[in-house]
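Student: I'd like to go over a predicted model; first the sequence, then the structure.
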Amino acid sequence: MLSLIGILSAANILCVYGTSLVPVHVPCDDKTVEKLSRLAVTYINEDRQTGYKFALNRITNVQANQQGPAGKIYYLDLDVLETKCHVLSPKSWKKCAVRPFMETQISGNCNTTVLHTPEGFSYLYSYDCTLVPDPPEKLRLTCPDCPLLLPVDGVEAAAAARTALLKYNTQSTLPASLTVHTITRASQQSTPFPATFVEFIVQECSEVQCEPALEGKEPVGFCVGTVFGTGHGLQDVKVSCEIFRPQVHVVSPTQLEEKSTTVSKTPTLDVHVPHHPEPSFQDGGAVTPQFADPVYQAIPAGPELHPTTSSESSESSETSSSEETSSSVRAVKPPLNFRYVLQRQKRQTVSSTVAPHTPVFLSVFPSIPSPFRSCPGVSRYTTV
């Protein structure tokens, strides 16, 4: 008896609105899975604040769990590659170039949990990404002359970033100079010629000082620089920057006064708001009735005629006594700016007595291999 009770209790726990909480495998080439995988990578890139954007390489494994009226939970195991676009760049990851293996490719996977509702909305519940660079000995075997990574907080990286940004500030037409905010990547090669490659985030200089990592200054761009040669000899510098934040400058009092004067001289649009929702017309002391349609209408006079009234408008009933005393038949039309506004009471939403269903997510990401031949999926990029 106790074993039967235990089985029934377990069944109640594993079932939500008649659906099991145990996820089932889904083919990796499913159209919904492919769409949700791309959305998941987009959400991950939007949520991150440091590093480079990820690109979806392939779908490794997919498990889904139906949650009744709450929707469906997808557990996506995605292989991703690092791109050359910084996460602060407005460019989409689909338009970013993947870093080639000659520059020490960084790859890994993201365990992503996505909720897809019956209404068609998708929500990123959680993600856990682990990416590692290719080992240098592996790169040496494939490309002996390729540059190797340097510590971003090293002396060589800082010197190369300063040298590259100095040339950019000299040739730039921006109204404010830039300074190094954070060095994100650095590498160096010795053959066939010495060169240092550096990538860094930049920010605006203040009017008083221009030092790295100024307090209160947000990043405004991303720069990539190459310094050929050593510090003891002649150096050749190449640098390019992508400014992805609008420049913010202090407006002088004179400019502020001129701006306010210009604004005060700008003609404003005179919008007439009538006091009553329905227009009224006067002609020689006679009061005309109110109309709902902007067309010519003939209004016979006489005490037998009563204008049409409704419960939505109280002003119509207030003017009915004066309209009944009219002794002529007139053809009138509303003004050109007439707009009929029907005043109706909003229906109250019937309060539901059923509590909304809360989806239940697994605390441990499922890692059971998929039985489908489509998993893992086809790689989007060629890697070494």
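Tutor: Everything's here; your move.

Student: Please spell out the segments of the stretch 251-384 of the chain that come in under the pLDDT threshold.
Tutor: Along the stretch 251-384 of the chain, segments meeting pLDDT under 70 span 251-356, 383-384.

Student: burial count for Glu119?
Tutor: Neighbours of Glu119 under the rule other Cβ atoms under 10 Å: 6. All C-beta atoms are positioned from the backbone trio N, CA, C, and that covers glycine.

Student: the strands in the stretch 101-250 of the chain, which residues?
Tutor: Here the stretch 101-250 of the chain has its strands, by DSSP state E, counting those that start in this stretch, at 106-116, 122-133, 148-149, 178-189, 195-204, 219-228, 236-243.

Student: Model confidence at the residue lying closest to Ser172 once chain neighbours are set aside, what's the number?
Tutor: Counting by Cβ to Cβ, 6 or more residues apart in numbering, Leu178 is the residue found nearest to Ser172 once chain neighbours are left out, at 7.4 Å. We have a pLDDT of 90 for Leu178.

Student: Look up how far Lys84 lies from Leu178.
Tutor: Going from Leu178 to Lys84 by Cβ to Cβ, to the nearest Å gives 20 Å.

Student: Over to Ala161?
Tutor: Counting by Cβ to Cβ, the gap from Ala161 to Lys84 is 17 Å.

Student: Pick out whichever of those two has more residues nearby.
Tutor: Per other Cβ under 10 Å, whichever of Ala161 and Lys84 has more neighbours is Ala161, with 29 against 19.

Student: unless I'm mixing things up, that one is touching Val198, no?
Tutor: Yes: between Ala161 and Val198 there is a contact at 4.9 Å, judged by Cβ atoms under 8 Å.

Student: Residues that sit against both of the two, list them.
Tutor: With contacts defined as Cβ atoms under 8 Å, 6 or more residues apart in numbering, the residues shared by Ala161 and Val198 are Ile183, Ala186, Gly225.

Student: what bridges to the second one?
Tutor: Same thing as Ala186. Val198 (DSSP bridges).

Student: residue contacts, it?
Tutor: For Ala186, the contacting residues are 149-152, 154, 156-157, 160-161, 196-199, by Cβ under 8 Å, 6+ apart.

Student: what about the residue nearest to Lys238 when sequence neighbours are not counted, neighbour count?
Tutor: Among residues not flanking Lys238 along the chain, Thr226 sits closest, at 4.7 Å (Cβ to Cβ, 6+ apart). Counted with other Cβ under 10 Å, residues neighbouring Thr226 total 16.

Student: Quick one, grab the pLDDT at Thr226.
Tutor: The score at Thr226 is 95. That number is its pLDDT.

Student: ok, now how distant is it from Thr50?
Tutor: Taken as Cβ to Cβ, the span from Thr226 to Thr50 is 23 Å.

Student: Val227 now?
Tutor: Relative to Thr50, Val227 is positioned 24 Å away (Cβ to Cβ).

Student: who has more neighbours, those two?
Tutor: The neighbour comparison of Val227 against Thr50 (other Cβ under 10 Å) goes to Val227, with 25 against 10.

Student: who touches that one in this structure?
Tutor: For Val227, the contacting residues are Ala160, Thr163, Ala164, Ala195, Thr196, Val198, Gln235, Asp236, Val237, by Cβ under 8 Å, 6+ apart.

Student: With respect to Val22, which of those residues is nearest?
Tutor: Val198 (49.9 Å; Cβ to Cβ).

Student: what number of residues lie near the closest one?
Tutor: Val198 has 29 neighbours, counted by other Cβ under 10 Å.

Student: That one contacts Ile183, doesn't it?
Tutor: Yes: taking Cβ under 8 Å as the definition, Val198 is a contact partner of Ile183 at 6.5 Å.

Student: Identify the contacts common to those two.
Tutor: By Cβ under 8 Å, 6+ apart, the residues touching both Val198 and Ile183 are Ala157, Ala161.

Student: Lys53 should be in a strand, yeah?
Tutor: Yes: secondary structure assignment places Lys53 in a strand (DSSP: H, G, I helix; E, B strand; the rest coil).

Student: mind checking pLDDT for it?
Tutor: You'll see Lys53 listed with a pLDDT of 96.

Student: Use 595 as the first number for this chain going forward.
Tutor: With the count now opening at 595, the last piece we talked about shows up as Lys647.

Student: State the distance from it to Ser631.
Tutor: Here Lys647 is placed at a distance of 15 Å from Ser631 (Cβ to Cβ).

Student: so what's Thr776 up against?
Tutor: Contacts for Thr776 (Cβ under 8 Å, 6+ apart) come out as Thr644, Phe794, Ile795, Ala807, Pro813.
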